[in-house]
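Q: Prediction below, plus the sequence it came from.
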Amino acid sequence: MVLGSCISLQLGAACAAQLFPLIGPTPSTLLRMAVAAVVLLALTRPRARSLTRQQWRAVVLLGLALAAMNGFFYASIARIPLGTAVTVEFLGPLALAALTSRRARDFAWVALALGGVVLLGLTGHGPGTSSLDPVGVIFALVAGGFWAAYILANARVGAQAPGLGGLALATAVGALLLLPLGGLGAAQALAQPGLLLLIAGTGVLASVIPYSLELSALRRLGPGAFGVLLSLEPAVAALAGWLLLSQGMHLLGIVAIALVVTASAGSTLTRAPLRTTEPPALVTTPPNHHKE
């Protein structure tokens, strides 16, 4: 699930990068989340009125994390290469994995992943890496912080609401939060029929598929293990940038990818078996006792 999420997310990011010269990163982010919200709401049809105050709080926090994470990340990849941006951004979930770990071998895997991430960021993306736009790097760092917040918020929504209804509502909340900043550019983009397929592909590949997979994965993994497994993200992003956006990668970048993948595999193989439990049912109208 995590691997599928990584691949889909970077394919969507590559699609979004083609929208930036035409409409800008913020309208692209809004359209991505709006498409995802429409698809997820249509598929799940959540009963929003039946959510408790605690469930709505979790949904709103996830929506805020989604809006900020995606907004800053798209602003970043408009300025620096895709693989580099994800490498810098990954410091957020990597720090989360280190902070939530309780075993020495978990720290070892985190350290190995960090080595690969640093090597990938320093040497793995071609000649332009030495002159990175500092604003783009800052945006990626901020996105990384909200990425860690997204992992925690997504885990909370997954625990409190079964299915994808909570995620659908959170995605809609995130799109609404971005509306004041990107609404005008998004409206202009929708008036261009030639962009509609690219917009739809960005929303489905970059939001619907990866977020659904990640929510399911978080029901089986703790936030720490999930964060280490996401060390696949910089490697997949570097490959996507190379294959789809012609962003170069050095030999040392391949070594870095090997370190990151090894850390991910090691974390999976040495993780203690989990005792899974069913999440509590989403509270609905009392007379019918429906589950979403």
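A: Right, received. Where do you want to start? Computed from a predicted structure; not experimentally measured.
Q: following the helix or strand of the chain with the lowest mean pLDDT, which helix or strand comes up?
A: Least confident helix or strand of the chain, by mean pLDDT, DSSP states H and E, is helix 223-229 with a mean of 69. Later in the chain than helix 223-229, the nearest helix or strand by DSSP states H and E is helix 232-245.
Q: which strands and helices sit next to that next one?
A: When contacts are defined as 3 or more CB pairs under 8 Å, 6 or more residues apart in numbering; DSSP states H and E, helix 232-245 sits against helix 2-23, helix 82-89, helix 104-123, helix 251-270. To be clear about C-beta, it is placed using only N, CA and C from the backbone, and glycine gets the same treatment.
Q: As CSV, those with mean pLDDT, mean neighbour count and distance to residue 168 would be great.
A: Below are those laid out as CSV (pLDDT from 0 to 100; neighbours: other CB atoms under 10 Å; distance: least, CB to CB, whole Å):
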stretch, mean pLDDT, mean neighbour count, distance to residue 168
helix 2-23, 84, 21, 17
helix 82-89, 79, 30, 24
helix 104-123, 75, 19, 31
helix 251-270, 74, 18, 29
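Q: what's the closest of those to residue 46?
A: Among the helices and strands packed on helix 232-245, the nearest to residue 46 by CB to CB is helix 2-23 (21.4 Å).
Q: buried sites along the helix or strand just after the closest one?
A: Per DSSP H and E, the first helix or strand lying C-terminal to helix 2-23 is helix 25-44. Residues of helix 25-44 classed as buried by neighbour count (16 or more other CB atoms under 10 Å): 25-41, 44.
Q: One more: stretch 174-183?
A: Neighbour-count burial for stretch 174-183 [16+ other CB under 10 Å]: 174, 175, 177, 178, 182.
Q: Can you tell me which of those residues is closest to residue 136?
A: Using CB to CB, residue 182 is the member of those that lies nearest residue 136, at 18.4 Å.
Q: by contact count, what packs against the strand or helix carrying the closest one?
A: For residue 182, the host element (DSSP H and E) is helix 165-190. Secondary-structure packing of helix 165-190 (3+ CB pairs under 8 Å, 6+ apart): helix 2-23, helix 25-44, helix 53-77, helix 134-160, helix 196-203, helix 209-218.
Q: Show me how far the longest one is from its chain's centre.
A: Averaging C-alpha positions (CA atoms, centre = their mean, to the nearest Å) puts helix 134-160 8 Å from its chain's average.
Q: what is the rounded mean pLDDT of that helix?
A: In this model, helix 134-160 carries a mean pLDDT of 87.
Q: Go through it and flag the buried ones.
A: 136-137, 139-140, 142-158, 160.
Q: cool, and the third one?
A: Of the residues in helix 53-77, those with enough neighbours to count as buried (16+ other CB under 10 Å) are 55, 58-77.
Q: Kindly report the same for the last one.
A: For helix 209-218, the buried set under the neighbour-count rule, 16+ other CB under 10 Å, comprises 209, 210, 211, 212, 213, 214, 215, 217, 218.
Q: Can you tell me which of those is nearest residue 267?
A: residue 217 (13.1 Å).
Q: And for that closest one, nearest residue in space, chain neighbours not counted?
A: residue 1 (4.1 Å; CB to CB, 6 or more residues apart in numbering).
Q: do residue 165 as well
A: Per CB to CB, 6+ apart, closest to residue 165 is residue 46, 3.1 Å.
Q: thinking again about what came up before, now the helix holding residue 182 against helix 53-77, angle please.
A: With axes from the mean of the first three to the mean of the last three CA atoms, to 10 degrees as the basis, helix 165-190 and helix 53-77 are set at 40 degrees to each other.
Q: can you give me the angle helix 165-190 makes with helix 25-44?
A: Counting by the same axes, to 10 degrees, helix 165-190 points 130 degrees away from the direction of helix 25-44.
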